[in-house]
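Visitor: pasting the sequence and the predicted model now:
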Amino acid sequence: MPELPETETIARDLHREVSGARITGVRVTKPDVLREVSPRELAQRTAGATIARSWRRAKLVVLDLSTGDHLVVQPRFTGALLIDSGSLPDREREYSTVEFALGDGRSIHYRDIRRLGTLSLMRADRFARYSAALGVEPLDPDFTAEHLSVLLRGSRQAIKKVLMDQRAVAGIGNIYANESLWRAGIDPSRAARAVTPDETRHLRSAIVEVLHESIDARGTSFRDYRDASGARGGFVERLAVYGRAGEPCPRCGARLIGTHAIDGRMTVLCARCQS
């Protein structure tokens with residue numbers, strides 16, 4: 001967390017609210033979140049730059065600057081990019097690690113409670129190489145059932161683990177892997193290469209549908225995820241399995257099972273209707 005729907009929501013908010021804004025200064029209070037740049041260099045290279053656009057790649061929020069540099073934020077568990085027009089609650093400012101002052105009097109905080117996320121400043125060629133190492137975007141037209149089938153049939157790993165591999169499919173994490181596999185009726189522990197072409201088509205549709213639905217609900221908030229205005233996402237109320245171990249399956253009524261057997265991450269499934 002945050003995964004694709006959450007970072008997409010943040011990126012869209014930032015694009016709408018701060019595109020065209022000029023960065024006038026930078027204050028770094030927790031330099032351990034920085035990657036590939038020092039506090040001094042970050043300030044020097046961003047001061048005076050205009051934010052051209054904000055967008056998402058995988059689970060990253062990317063801000064393109066007029067200088068050609070890219071601010072790349074990976075929020076991980078407790079990170080958030082928050083726009084502050086003077087009314088941001090003190091509890092959010094308390095965990096600000098980097099603050100970008102804007103020419104219109106507002107600022108952007110990278111808030112990270114546990115400081116497990118990162119903020120990088122990359123030149124264009126460096127970012128191109130970084131992005132090229134990531135997998136296909138599941139909301140792009142290139143993410144077809146045929147493309148997914150190629151990714152799956154060459155792997156002996158559990159299907160859930162393949163879906164969460166950012167080198168294969170970019171942006172899917174634990175929440176949406178659980179939800180997509182439940183919708184498609186596939187056991188998360190099955191070997192990826194054992195998934196049939198028909199199941200792959202259903203799975204591809206399930207992935208796209210659940211991601212779009214979560215984006216429409218502005219993501220999933222359990223504890224720390226907030227959008228750029230500090231609001232919570234609403235998709236948590238529509239989760240079918242994630243976070244619901246021990247409760248009835250919404251489809252068949254059987255008791256949902258929770259296990260850490262796949263890569264040490266919580267997997268929730270219905271043993272009756274996922275095979």
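Guide: Ah, there it is. Computed from a predicted model, the values in this text were never measured in an experiment. Numbers count the residues shown, from 1 in each chain.
Visitor: shaky segments in this protein?
Guide: Within the chain, the ranges that satisfy pLDDT under 70 run 1.
Visitor: and it, what are its domains?
Guide: Annotated domains of the chain cover 4-132, 145-269 [automatic domain parsing].
Visitor: quick one: which of those domains is nearest residue 138?
Guide: Taking C-beta to C-beta, domain 145-269 is the member of the domains of the chain nearest to residue 138, at 5.3 Å. The C-beta positions use only the backbone N, C-alpha and C, and glycine is treated the same way.
Visitor: any idea how far apart the tips of that closest one sit?
Guide: The first residue of domain 145-269 is 23 Å away from its last residue (C-alpha to C-alpha, to the nearest Å).
Visitor: hang on, residue 182 is in a helix, isn't it?
Guide: Yes - assessed by DSSP: H, G, I helix; E, B strand; the rest coil, residue 182 belongs to a helix.
Visitor: for it, give me its contacts.
Guide: With contact set as C-beta atoms under 8 Å, 6 or more residues apart in numbering, residue 182 has these partners: 240-241, 251, 268-270, 274.
Visitor: surely residue 221 and residue 239 touch.
Guide: No - using C-beta atoms under 8 Å, residue 221 makes no contact with residue 239, being 11.2 Å away.
Visitor: what lies in contact with whichever helix in the chain runs longest?
Guide: When the chain is parsed with DSSP state H, its longest helix is helix 197-216. Under the criterion C-beta under 8 Å, 6+ apart, residues 4-5, 8-9, 138-139, 143-145, 148-149, 152, 159, 163, 169, 171-172, 176, 179-181, 183-186, 195, 220, 233, 235, 238 lie in contact with helix 197-216.
Visitor: select only the buried ones of the residues you listed in ChimeraX?
Guide: The ChimeraX command for the buried members of those (criterion: 16 or more other C-beta atoms under 10 Å) is given here:
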select :4,5,8,9,138,139,143,148,149,152,159,163,169,171,172,176,179,180,181,183,184,186,195,220,233,235
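Visitor: among the contacts of helix 197-216, which are in helices?
Guide: Filtering the contacts of helix 197-216 for helices - DSSP H - leaves 4-5, 8-9, 145, 148-149, 152, 159, 163, 176, 179-181, 183-184.
Visitor: report the buried members of the contacts of residue 182.
Guide: Judged by 16+ other C-beta under 10 Å, buried ones among the contacts of residue 182: 240-241, 268-270, 274.
Visitor: circling back to that earlier point, tell me what angle the longest helix of the chain forms with helix 145-153.
Guide: Calculated by axes from the mean of the first three to the mean of the last three C-alpha atoms, to 10 degrees, helix 197-216 forms an angle of 110 degrees with helix 145-153.
Visitor: next SSE after helix 197-216?
Guide: Using DSSP states H and E, the next helix or strand after helix 197-216 towards the C-terminus is strand 257-259.
Visitor: so which elements touch that next one?
Guide: Based on contacts counted as 3 or more C-beta pairs under 8 Å, 6 or more residues apart in numbering; DSSP states H and E, the elements that strand 257-259 packs against are strand 267-269.
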